[in-house]
Every structure is written in structure tokens, then in C-alpha cells.
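Asks: mind looking at a prediction? Sequence and model below.
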Amino acid sequence: MAEGIVLTRSGYRIRLALPDEIGIVLGLIDDAAAWLRSKHTTQWRSPWPSADQRWKRVHEALLNRETWLLLDAERPIGTVSIRSSGHMELWTPEERAVEAVYLHRLVIDRAYAGAGLGAELIGWAGREGASRQRDARLIRIDVWTDNVELHAYYRRLGFRHVAIRTTSDRTPSGALFERPLDPPEPARHPRITKWPGH
């Protein structure tokens, strides 16, 4: 675990991020990007394809109520966006015919690294997405193509590598992974709980 943070809490709250919290969401992404610069990847080295386009994409997800904030007390420590459809050029029509929960921009504050929160957030996001898509069978994620350490992380969490694909807009996030959804019931003592009303 980094930066001397001691995890004394047994639980964390998650809620929908509000449109005016875009700075918080982008801050979590930018902090992760700073850490990634020490790794063998170009992921988030600069906003893709531009700062304006990234802002627009993230803001759209906030307006569509797709983006969630994970909090330790009042401190935002993570984020994930949940969608019911995948990129039309990354996932084939046959793949998209199988209902799935698609995760994007999953970030955990590096101060909380090693605590298993990333895995728990993936499981929670899968269940949350499936609660709105009764026939969903899979969790899917597209990953930065050259971030091989992240590929290995998803494999350790039970994801299967599907393919590496390119798109007309040359998205750098073309490595595709999927795994079956977790059972509908959460862990016996989940650390991540949803705020009432969200």
C-alpha cells in the first residue's frame, strides 16, 4: 500500500457522480496517469485524442448517469463508468448480440492499491450493471493496448483475452477482455455499499 494510508475502515460507499464533479473524476484519472508514466505503457500519457474530447466523453458519461464515485468517508478514492453497450468497432456484431456489462475508466487511488478494492469495484459494477440488464451474462472491458501489466491484472481476476482490435479513430484502448458476471449475491460482508437512492 502506498503513501502511508492505513485502511482502518471496513466499508466504502459508492454513488453516482454528478455532472459538476467532472473535476473529481478527471483528477482521479490524472493521478493514475501520473503513476502510469513510470510504467512501460503510453496509457493516459496525454488525454486521448485531446483534452477537449476527453472532457466531452467523460462529461457525457456523467450526464448519462453512467459514472460512479467510490468514497472513503468523504474522500473520492475511485471511479468506474458502466454501460450496457460496447464500442461498435471493437466488439463484433456477434459479440454484441450477447448482453454484457461494459466497464470504462476504472480507477482506484494509488494510496489504496493492494487492498483488493479494484477487484471488488469490478464485481460491484458488474452486479450493478446486471441489475439493469436482466439478461447480461458477461463483464467486458477494453484496455489500453500496450499496458501489458494491466492485461495481466485482468487475467488474474478471471478475465479472458478476446482480441486486440483497431478502430477508425485509432483508439489506443483496443485490448478486449471479458469474464462471466459474478453471482447476483455480493460477498457475505461487502466493503462497497451503494448510497441509498442511487
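Replies: Yes, it's here. Residues are numbered from 1 along each chain as shown.

Asks: list the buried residues for the helix or strand in which Leu28 is found?
Replies: Counting by DSSP states H and E, the element that carries Leu28 is helix 22-36. Neighbour counts over helix 22-36 (16 or more other Cβ atoms under 10 Å) mark 22, 25-26, 28-29, 32-33, 36 as buried. Every C-beta, even on glycine, is put in place using the N, C-alpha and C of the backbone.

Asks: which residues does the lowest-mean-pLDDT helix or strand in the chain contact?
Replies: Confidence across the helices and strands of the chain bottoms out at strand 192-194, with a mean of 84, counting by mean pLDDT, DSSP states H and E. For strand 192-194, the surrounding residues in contact (Cβ atoms under 8 Å, 6 or more residues apart in numbering) are 11-15, 70, 117, 120-121, 124, 128.

Asks: what's near enough to touch the closest residue in space to Leu16 that isn't next to it in sequence?
Replies: Distances taken as Cβ to Cβ, 6 or more residues apart in numbering place His198 nearest to Leu16, at 5.0 Å, with adjacent residues excluded. Listed by Cβ under 8 Å, 6+ apart, the contact set of His198 reads 14-16.

Asks: what about His198, distance to Trp124?
Replies: 12 Å (Cβ to Cβ, to the nearest Å).

Asks: and the strands in the protein?
Replies: Listed in chain order, the strands of the chain (DSSP state E) span 12-16, 67-72, 75-83, 100-108, 138-143, 160-164, 175-180, 192-194.

Asks: and these as a markdown table, adding mean neighbour count and distance to Arg54?
Replies: What follows is the strands of the chain, written out as a markdown table (neighbours: other Cβ atoms under 10 Å; distance: least, Cβ to Cβ, whole Å):
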| stretch | mean neighbour count | distance to Arg54 |
| --- | --- | --- |
| strand 12-16 | 18 | 20 |
| strand 67-72 | 22 | 13 |
| strand 75-83 | 21 | 13 |
| strand 100-108 | 22 | 10 |
| strand 138-143 | 23 | 15 |
| strand 160-164 | 14 | 22 |
| strand 175-180 | 20 | 19 |
| strand 192-194 | 16 | 26 |
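
Asks: for the ones you listed, give me TSV that also has distance to Ala51.
Replies: What follows is the strands of the chain, written out as TSV (distance: least, Cβ to Cβ, whole Å):
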stretch	distance to Ala51
strand 12-16	24
strand 67-72	18
strand 75-83	18
strand 100-108	15
strand 138-143	21
strand 160-164	26
strand 175-180	24
strand 192-194	31
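
Asks: go through those strands and name the closest to His59.
Replies: Each of the strands of the chain has some distance to His59 by Cβ to Cβ; the shortest is strand 67-72, at 9.5 Å.

Asks: how far off helix 22-36 does the closest one point, in degrees?
Replies: Computed by axes from the mean of the first three to the mean of the last three Cα atoms, to 10 degrees, the angle separating strand 67-72 from helix 22-36 equals 70 degrees.

Asks: which residue is the nearest non-sequential neighbour of the residue nearest in space to the middle of the chain?
Replies: Residue closest to the mean C-alpha point of the chain, counted by Cα atoms, centre = their mean, is Leu106 at 2.2 Å. Excluding the flanking residues, the one nearest Leu106 by Cβ to Cβ, 6+ apart is Val80, at 4.5 Å.
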